[in-house]
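> Make a model of this:
(2 chains)
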Amino acid sequence: MNSLGRRTWIWVGAGYSAFQLVLFGAPLLLLLRTSLRRYELGIPGEFGTSNFQFILSSTFPAALVRSLTLGTFVSLLTLLLSLIAVEGIFRLRRPRLRIAILTSCAVAFFGGMIPRTFAFEYLLSDQGPMRGSWQSLLPGGSSLLYTRAGVVIAYLPILLPLCIVVIYIARAAVPYALVEAARDLGATGWQTHTKVVLPTMQPGLIVGFLLSFLSVVGDTIVVDLVGGSRIYTAANQIFDQAKIDDWGNAAAEAVVLLVCVLLFIGVSVWAIQRSLR
Amino acid sequence: MKKYIVPAVIVIAVLVVAAIYLRPGKSSQGPAKELRVLAWVGYEEPEIVNPFEKEFGVKVRTETFTGADKMFAKLTQAPDAYDVVVIDPEYIQKLHNAGLLTPLDESSFNFADYIEPLKKFPLCWIDGKLYTVLIRYGINGLVYNTDKLTAEDVSSYSVLWSEKVKGKVGMWDWYLPSMGVLSLASGFNPPYKLGDEQFQTLDQRLTSLRPQVKAVMPSFSDINAALARGDIWVVPALGEHTAAVLAEQGLPINWTIPKEGGVMWIETLGIPPQAKNRDAAIRYIRYMQRPEVQALLTWRRAYRSNIPSIKGIELLTPKQKDALKVHNAAEATALVNSVHIRMLPTNLAGKTTEQEWQTAWQRFKAAH
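Below you'll find the predicted structure:
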């Protein structure tokens, strides 16, 4: 901070803010403007609030609830599995093995969502190599493709690599002295984890949850390809409106979804700050 | 002074990279030598593009889309970015209303070689002026697994509601063709012009189909994969463009037009008013009408289709003719006369009901 000087940093901050304003603020304003305009056959019409009235009476509120529910459930499951995986990685005695696993997670994450989704479309189908395993898990003996369970399973390999890396960083930041002190004071392994390790990891847990949640809520690929539209989400509905060039309703739905997501982020940031106090 | 070196180097590096990355492409250096085409997938394939480039000395830059809505979005956002556009039937009027189409001189094109019903295709003409040129077409009927269903089973759309295919019906996620054939299945003719009561009947019919449906899928590739795997056995609103691809791979997949009728999709070529290379665009459209190019267009890797050119049909192989179910001009004429044209839905007064149809489709997708 001192090497560059306070004034330089103010300029850098101002430049960055202006950049953000153009990059994020301008499209947002355009979105808001579009959401207040009627469109018929792709041609813009009068301004008003009719788009918001329309989406309230449509399938959108239910689709929004479905999106948020799916996002929350998948994110919690991802978080839980990541915690278990990270604990396992953390207990490995060979540092090189840890690095190898974490690197493979990063590679998997950057491997792309679409190839993995296509792979899971095949894996979960009746013709896939794991059909016996899936069928034995399900009461009807059918495949998991085009089911809600299939959607949840398909999200895991997409979200886990990212979440594991985030949680690992949070876990590594827990001071060992703190863990040792808890044990010296007679805490059991479970107590040490629940009362010392996890609370200290809270910011990382929230970031991991949030990243997974945002990925699911904004996605249409997995729910379409693996779900076969079994779960009709808010993002799906926005795309459907765009398909008939109804930009007004699509924008109004996007605004509502954006507000929900921003609220979620706001609550999460507040929770992180609270945990850091 | 030293403290400014690192930020200065970073800023310079960013500017250099931006200058390299954002520099105008070679394409914009000579607009007269380039033709910018916005088209469905298939038009960019080298067999189609290379001979044109060689003959006319024009570089063709094809930007592809899957779904006419994307074409509309691209063209409305950048009306000067394309010289030729592939337009689906329901979008001709939309683009005309938006001022994104220019009239064409009928005498510049060869319609003499077209089968009779497609010589003067009504949707291509607005107020007596030609706006687009029909290049190819196909059928939205019924695609089915021949191992699971007989020709008699699929002679009517009622098979979709039968116990035999419960949980084995696949749907293409586009309301217009899917609801169009279901409108025919409900006995409505023409399928896209419905009164309020008729629309309610169609809506109920659509809802009643939901328990039969295994999946609603966004693209041909997903539907093809599900048909090939046997996850689904029957799909309404598809035709030769899907079945021919799978049958060619030796899979037991065929297509048919049930007794209630089918819907026809078309692809036309039009020129936006801000096209920079109109002469090359007209040459490109004429080139696409040539029999040998027409024959190539039927058999693209992306999907198969029928063509209006009589001489083009004659150039097809017997296998291709069998797959398309068209062996000569008479059969092509009969096929076209047996189906309805896919168009935007309206009520009986002619007012668009696109939003109502899409809303019904969304309810159908959201229902479980």
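> contacting residues for the residue of chain B found nearest chain A?
Nearest residue of chain B to chain A, counting by Cβ to the nearest Cβ: B:Ala215, 2.4 Å away. C-betas here are computed from N, CA, C, even on glycine. For B:Ala215, the contact set (Cβ atoms under 8 Å, 6 or more residues apart in numbering or on different chains) comprises A:145-146, A:227-230, B:170-171, B:226, B:231-232.
> List the ones among those that fall in helices.
Judged by DSSP state H, those include B:Ala226 as members of helices.
> can you point me to the longest helix in chain B?
Chain B, longest helix under DSSP H: helix B:5-21.
> For whichever helix or strand comes after that helix, which outside residues touch it?
Counting by DSSP states H and E, the next helix or strand C-terminal to helix B:5-21 is strand B:34-40. Residues outside strand B:34-40 that contact it (Cβ under 8 Å, 6+ apart) are B:27, B:43-44, B:58-66, B:71, B:74-75, B:81-86, B:267, B:276-277, B:280-281, B:284, B:302.
> among the residues you listed, which are within reach of chain A?
Near chain A, taking Cβ under 8 Å from any Cβ of the partner chain as the test, no member of these is found.
> from those residues, which would you call buried?
With burial judged by 16 or more other Cβ atoms under 10 Å in any protein chain shown, the buried subset of those is B:43-44, B:58-62, B:64-65, B:71, B:74-75, B:82-86, B:267, B:276-277, B:280-281, B:284, B:302.
> Just give me the neighbour total for B:Glu47.
12 (other Cβ atoms under 10 Å in any protein chain shown).
> which element is it on?
helix B:46-56.
> again with B:Ala349
Using DSSP H and E, B:Ala349 falls outside every helix and strand.
> neighbours around it, how many?
Count around B:Ala349 with other Cβ under 10 Å applied: 7.
> contacting residues around the residue of the stretch 151-277 of chain A found nearest chain B?
In the stretch 151-277 of chain A, the residue that lies nearest chain B is A:Gly228 (2.4 Å; Cβ to the nearest Cβ). Residues in contact with A:Gly228 (Cβ under 8 Å, 6+ apart) are A:145-146, B:214-217.
> Return the set of buried residues in stretch B:95-113.
Within stretch B:95-113, the residues that count as buried by 16+ other Cβ under 10 Å are B:95-96, B:98, B:100-104, B:109, B:111, B:113.
> contacts for it?
A:41-43, B:72, B:75-76, B:79, B:85, B:87, B:92, B:119-120, B:126, B:129-133, B:270-273, B:275, B:282, B:285-286, B:289, B:291, B:309-312.
> hmm, 7 Å instead?
Applying Cβ atoms under 7 Å, 6 or more residues apart in numbering or on different chains, the contact partners of stretch B:95-113 are A:41-43, B:75-76, B:79, B:87, B:119, B:126, B:129-131, B:133, B:270-273, B:282, B:285-286, B:289, B:291, B:309-311.
> Now a ChimeraX select for only the buried ones of these.
Remark: buried members of those, expressed as a ChimeraX selection using 16+ other Cβ under 10 Å:
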select /A:41,42 /B:75,76,79,87,126,130,131,133,270,271,272,282,285,289,291,309,310
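> ok, back up a step: what is the residue of chain B closest to chain A paired to in the beta sheet?
B:Gly170 (DSSP bridges).
> For the nearest residue to B:Asp196 once chain neighbours are set aside, give me its contacts.
Of all residues not flanking B:Asp196 in the chain, B:Asn347 sits nearest, at 7.1 Å (Cβ to Cβ, 6 or more residues apart in numbering or on different chains). Taking Cβ under 7 Å, 6+ apart, we find B:Asn347 in contact with B:194-195, B:353.
> pLDDT at B:Asn347, what is it?
As predicted, B:Asn347 sits at a pLDDT of 96.
> now chain A, which segments are flagged as low pLDDT?
Residues of chain A meeting the criterion pLDDT under 70: A:1-4, A:130-142, A:276-277.
> Quick one: name the residues of it near chain B.
Contact residues (Cβ under 7 Å from any Cβ of the partner chain) of chain A with chain B: A:3-4, A:40-43, A:58-59, A:62-63, A:125-127, A:145-146, A:224-225, A:228-229, A:232, A:237, A:240, A:242-246.
> mind running it again at 8 Å?
Within reach of chain B by Cβ under 8 Å from any Cβ, chain A has these residues: A:3-5, A:8, A:12, A:40-43, A:58-59, A:62-63, A:121, A:125-127, A:143, A:145-146, A:224-225, A:227-230, A:232, A:236-237, A:240-246.
> What are the boundaries of the strands in the chain?
Reading this off chain A. Counting by DSSP state E, one finds strands in chain A at the ranges A:37-40, A:43-47.
> that's the other chain; I wanted chain B
Using DSSP E, strands in chain B cover B:34-40, B:59-65, B:84-87, B:125-126, B:129-130, B:132-140, B:142-145, B:169-172, B:213-217, B:234-236, B:253-256, B:262-270, B:339-341.
> Can you give the distance of the longest helix of chain B from its chain's centre?
Computed by Cα atoms, centre = their mean, to the nearest Å, the chain-centroid distance of helix B:5-21 equals 45 Å.
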